[in-house]
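Colleague: Provided below are the primary sequence and the corresponding predicted coordinates.
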Amino acid sequence: MRLPSLVILVFFLQTLGTFASSIDAIVASFKTDFRKQLVENNIPGGAYAIIRDSQVIAMEGVGVRALGSKEMVDKNTVFRLASVSKTFAAGLAAQMVEENKFSWNDKIIDYVPEFRFKSKKYSSNLTVDHIMSQSSSLVHNAYDNLIEANYPMPKIIDKFKDIDPMCDLGKCYGYQNVLYSLIQPVIERSAKSSYIDLMHNHIFDPLEMERSSLGYEAFLETPNHAAPHVLTRKGWVKTKVKPSYYNVLPAAGVNASVEDMSKWMLAQMGSFPETYSSDVIKMVTEKRIRTLKEMGKRSWRSVLKNAHYGYGWRIYDIGGGELIYHGGSVAGFRSEVAYSMEKGLALVILLNAETRMGSELNSSFWSKVFKEKPQTKITTNSQKKVKINRSIVPRDKPASILTFK
C-alpha cells in the first residue's frame, strides 16, 4: 500500500521540478527579450524585476536615464508610475478601512460636499466603493482633458454638475482619474493628516521604499531619476516632465524605483503581513466590476478569458489562472506590474518612454507562465521586520491637508 503513495510523491516532486525548470527558462528568455526589445525599439532605458516565491530572482536597469546622457539606469533610478499609482491609493484606503477610519459604503458628499452630478439621486449615492472600483458608471476618463490643461481640482470637480452617469451607480465600468482621486480628501479628512504623509507612514517607510515619493517636486528633486521621452518622426526625443497628472496624486502621482517596486509586489503577495495584511490584499483584489473593454486590448486580447476591476487593481483570467495587474502611461513613461499568487510570481517593468513594449513583454511573459503546469498555491508569511526611516525621500511642499474648496 505504501508503494503507490511513494510513486505519487515522486511524480509530484518531478512535476514541481519540471515546472521550476520551465519558469527558469521563461525568466531567462524575458531577460534576453527585455534587452533586445529596448535596442530594437530604440527605447532609451528601462528596468525590470522578477519575484518568485517571496524572493527577488532578477532585477536590472538597462540603457540610459536620458538620451544624450551617459548616466545609466540602475535599480535605484526613479520612474513615474502613472496609473500604477492607483494600486498605492487602494492599498492605503484599504488600510484606513481596516482601521475603521471610514467605510467603502461612505458617501462621497460627506467628504467632498461641493461634489455634484447633474441629478441629485446620483450625487447623494456615489460611494467610496464606486470611485475605487471604477464603477461610477461615467463615460471613461471624464474630464481628463482638464487635468491635461492644468485646471485646478476644484474647477474640475465643479464640471461634474453638468453630467450624469451612463447607467445606475455600480452597474457600468468607466475608468476614471479625476473621480478616483476623490479618495484623497476621504483619506485626509478621515485620518486628519495629509495624503503624502499617510502614504509615507503607512506604506513607503514600513516597506523601506526609500526612493519612493509623491508629486512633481519630489520627482525632480530625486537626483537619480529617469527623463521622459516621446516618439516623433525623428525617433525618440527627451521631453520635459509634465506636472499635470501630479494634480491627481491617487490616480497618477507616485514615483518609484524598480527596487522599491519589488518590495511593493512582495507586499501584495503577503510577505509583510504586519505592514500590509491579508485582509487588505483581499479587499483590493476582490472582483468588483467586469471590464469588457480590457478584452480588446492589443497586448492582452489573445490570452484574456475575462477581466474585472477590484480596488486599484485589474483582475485578469488567463487560461483559468488569475493575474493581478495594472499598467500606467503618462507623457514619456510606461509602467507595468503584475503578479500571480497561484504561481508565486511577480513582474515589474518600468520604461522612460511611452511605448507598447512594456505591455507586450508583460503579456508574453504571463502567457508563457500560465501554459505551464500550476504550482501548489503559495502560502506566504512574514519574511522580515522592517524599520521606519522617514528622512530619506523629499516630499512635495507643502504637506498640508488637501481641501477642494
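Modeller: Sure, I can see it.
Colleague: what sits against the residue nearest to Ala256 when sequence neighbours are not counted?
Modeller: With sequence-adjacent residues excluded and distances taken as Cβ to Cβ, 6 or more residues apart in numbering, Ala256 is closest to Ser212, at 4.3 Å. In this view, the C-beta of every residue, glycine as well, is placed from N, C-alpha and C. Ser212 makes contacts with 78, 204, 254-257, 260, 393, as judged by Cβ atoms under 8 Å, 6 or more residues apart in numbering.
Colleague: do Thr275 as well
Modeller: Thr275 neighbours (Cβ under 8 Å, 6+ apart): 203, 206-207, 267, 386.
Colleague: can you select the buried ones among the residues you listed for me in ChimeraX?
Modeller: Selecting the buried subset of these in ChimeraX, with 16 or more other Cβ atoms under 10 Å as the burial test, is done by:
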select :203,206,207,267
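Colleague: which two of the contacts of Thr275 have the greatest separation?
Modeller: Ile203 and Val386 (11.4 Å; Cβ to Cβ).
Colleague: which of the contacts of Thr275 scores worst on pLDDT?
Modeller: For those, the model is least confident at Val386; its pLDDT is 40.
Colleague: so what's the residue count around Thr87?
Modeller: Neighbour count for Thr87, taken as other Cβ atoms under 10 Å: 26.
Colleague: can you tell me the closest non-neighbouring residue to it?
Modeller: Gly312 (4.8 Å).
Colleague: would you list every one of the helices in the stretch 201-350 of the chain?
Modeller: In the stretch 201-350 of the chain, the segments counted as helices under DSSP state H, counting those that start in this stretch are 216-221, 249-252, 258-268, 278-285.
Colleague: for those, which one sits closest to Glu360?
Modeller: helix 258-268 (18.4 Å).
Colleague: show me the shaky parts of this structure.
Modeller: Along the chain, segments meeting pLDDT under 70 span 1-20, 320, 372-405.
Colleague: can I see the domain layout of it?
Modeller: 22-99+194-369, 108-184 (automatic domain parsing).
Colleague: may I have the secondary structure class of Asp129?
Modeller: helix (DSSP: H, G, I helix; E, B strand; the rest coil).
Colleague: how about the contacts made by it?
Modeller: By Cβ under 8 Å, 6+ apart, Asp129 lies in contact with 104-105, 135, 170, 288.
Colleague: what of Ile50?
Modeller: Shown in contact with Ile50 (Cβ under 8 Å, 6+ apart): 27, 30, 56-59, 345-348.
Colleague: go again with 7 Å.
Modeller: Residues near Ile50 by Cβ atoms under 7 Å, 6 or more residues apart in numbering: 27, 57-58, 347.
Colleague: brilliant, that's me finished.
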